[in-house]
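> Fold the stuff below for me.
(one chain, ligands or ions: 2)
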Amino acid sequence: MKVQRIALSGFRNYEEEAVQFGPDVNVICGPNAQGKTNLLEAVYLLTGAHSFRTRFDRELIGFGCGWGSVLADVESAGRSQTIKLLFRPGQRRQVTVNGAKKTSSSLAGLMTAVLFSPDDLYLIKEGAAARRRLMDNAICQLRPGYASLLADYNKLYDNKTRILKDWREKPSLLSALDEFSDGLARCSARMIRYRASFVERLAAAASPIHRDFSGGKEQLQLSYDTVSTVTDTKAPAEEIYRQILAHQQAHRQAELDAGACLTGVHKDDILITVGGVSARSFASQGQARTAALSIKLAEREIFKAETGEYPVLLLDDVLSELDAVRQEFVLNRIGGGQTLITCCEDENISRRTGGKVFTVREGRIK
Ligand code: ATP
Ligand code: MG
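Ligands and ions are numbered 1, 2, ... in the order given. Purely as a prediction, here's the structure:
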């Protein structure tokens, strides 16, 4: 999977710019606030997923522009495809592939990318939201139905939360509560199957990478943690649905009292252990970084196994955050696919990777 060329119009701080990437390592350098991350964001959007920075497409449109677009030639499964994304205020994003209109989710599998940013280094120690984001961003790219399932879940969740917050002032709202709970349980059941299978694969891929990384000393284990009444995450969706309903019923009163949604997959997590103990509680900073790196590199391997090609790897400012040993480990593992690396200094990284170097200044790329 490779992005050969990308053209941006009215996208973030790019008025009109185009760039031709090399097939291997591309180093994108420049001072702060020039447009480096914006460029990676444009590439990431070609996967059909939400931006990694915002849920709102309107924020992608350049200030003072009526619309914004990203046009790219992508090499996927040996074919060259042209993907165009058009962002207009107040409207859904328009997606075309080779001129034919498509949905965002149909880009799943066509173009895949794995992003690695300094935030990911805190994946282990942060709250569960970061680990859910990891699952969701990956599955959205691999499974065409997942993004809309997630959007449905979020909508139902917002509606249910509103009822739970406001029912005391407006008791009539309660008549719709069970309907939203039921919808959430149905979505949850399907999401659990996707997430469980993803985490199983992530665990299998991350463990040997981490073992390698720690010189054979440490064992990294991941397991999926969801609603406690679900006994088998691979069971048919109907069975999982019934188990979630049971959990919801047991917590109905508690949800009304708390004024919040207490049960559902919005609380899911990935439990991570290093050497048999909880990494979140006990891992040192260095161990947590190593585990986070292993998980990110594992994500890249899963995409490769799934689509037959390495995803485009986007390393946003991450190398400067790593010590020399970890930098070397990452750089030795990124072969075989296209990589875009952003950094504030070019000399060192470009020399070590032999990559093509671009300089970004005020939304212009040289
Ligand atoms: P750093 O090295 O600090 O990470 P960067 O080169 O990655 O910097 P970007 O995050 O790409 O910087 O942002 C560049 C600039 O784009 C910022 O100054 C930001 O204000 C601007 N920007 C963000 N969104 C828009 C938008 N919709 N329209 C115009 N400019 C925008
Ligand atoms: Mg940046």
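
> would residue 223 count as being in a strand?
Yes. Applying DSSP: H, G, I helix; E, B strand; the rest coil, one finds residue 223 inside a strand.

> list the contacts for it?
By CB atoms under 8 Å, 6 or more residues apart in numbering, the residues touching residue 223 are 199, 203, 270, 271. In short, each C-beta sits where N, CA and C put it, glycine included.

> Report the two of the residues you listed separated the most.
203 and 271 (10.1 Å; CB to CB).

> So for the two, which residues contact both of them?
With CB under 8 Å, 6+ apart, residue 203 and residue 271 have common neighbours 222, 223.

> the more surrounded of those two?
Remark: of residue 203 and residue 271, residue 203 carries more neighbours, 18 against 15, as counted by other CB atoms under 10 Å.

> Just the buried positions in whichever strand or helix holds the more buried one, please.
Assigned by DSSP states H and E, residue 203 falls within helix 177-213. Residues of helix 177-213 classed as buried: 177, 180-181, 183-196, 198-199, 201-203, 205-207, 209-210, 213 (neighbour count, 16 or more other CB atoms under 10 Å).

> and if you look at stretch 278-291?
Buried residues in stretch 278-291 (16+ other CB under 10 Å): 279, 280, 283, 287, 288, 289, 290, 291.

> End to end on that stretch, go ahead and measure it.
End-to-end distance of stretch 278-291 (CA to CA, to the nearest Å): 12 Å.

> Which residues does that stretch contact?
Contacts with stretch 278-291, where a contact means CB under 8 Å, 6+ apart, come from 121-125, 206, 210, 213-214, 218, 220, 271-274, 322, 326.

> Can you go through these and name the buried ones?
Neighbour counting with 16+ other CB under 10 Å marks 121, 123-125, 206, 210, 213-214, 218, 220, 272-274, 322, 326 as buried within the contacts of stretch 278-291.

> what's the next secondary structure element after the lowest-mean-pLDDT helix or strand in the chain?
The weakest-scoring helix or strand in the chain, judged by mean pLDDT, DSSP states H and E, is helix 347-353 (a mean of 75). Reading on from helix 347-353 to the C-terminus, the next helix or strand found by DSSP H and E is strand 356-361.

> ok, and for that next one, which residues are buried?
356, 357, 358, 360.

> by contact count, what packs against that strand?
Here strand 356-361 is seen to pack against strand 25-29 when contacts are counted using 3 or more CB pairs under 8 Å, 6 or more residues apart in numbering; DSSP states H and E.

> wait, does the strand it packs on contact ligand 2?
No. Applying CB under 5 Å from the ion, one finds strand 25-29 separated from ligand 2 by no less than 9.5 Å.

> between that strand and strand 356-361, how big is the angle?
20 degrees (axes from the mean of the first three to the mean of the last three CA atoms, to 10 degrees).

> and the helix or strand that strand 25-29 is followed by, what's its mean pLDDT?
Where DSSP H and E defines the elements, the next helix or strand beyond strand 25-29 is helix 36-45. Averaging pLDDT along helix 36-45 gives 97.

> The residue nearest to the spatial centre of the chain and residue 51, how far apart?
Among the residues of the chain, the one closest to the centroid is residue 137, at 2.8 Å (CA atoms, centre = their mean). Residue 137 sits 10 Å away from residue 51, going by CB to CB, to the nearest Å.

> what do you get for residue 173?
With CB to CB as the criterion, residue 173 and residue 51 are 33 Å apart.

> on that earlier part again, ok, which of the buried ones among the contacts of stretch 278-291 also contact ligand 2?
Counting by CB under 5 Å from the ion, no member of these is near ligand 2.
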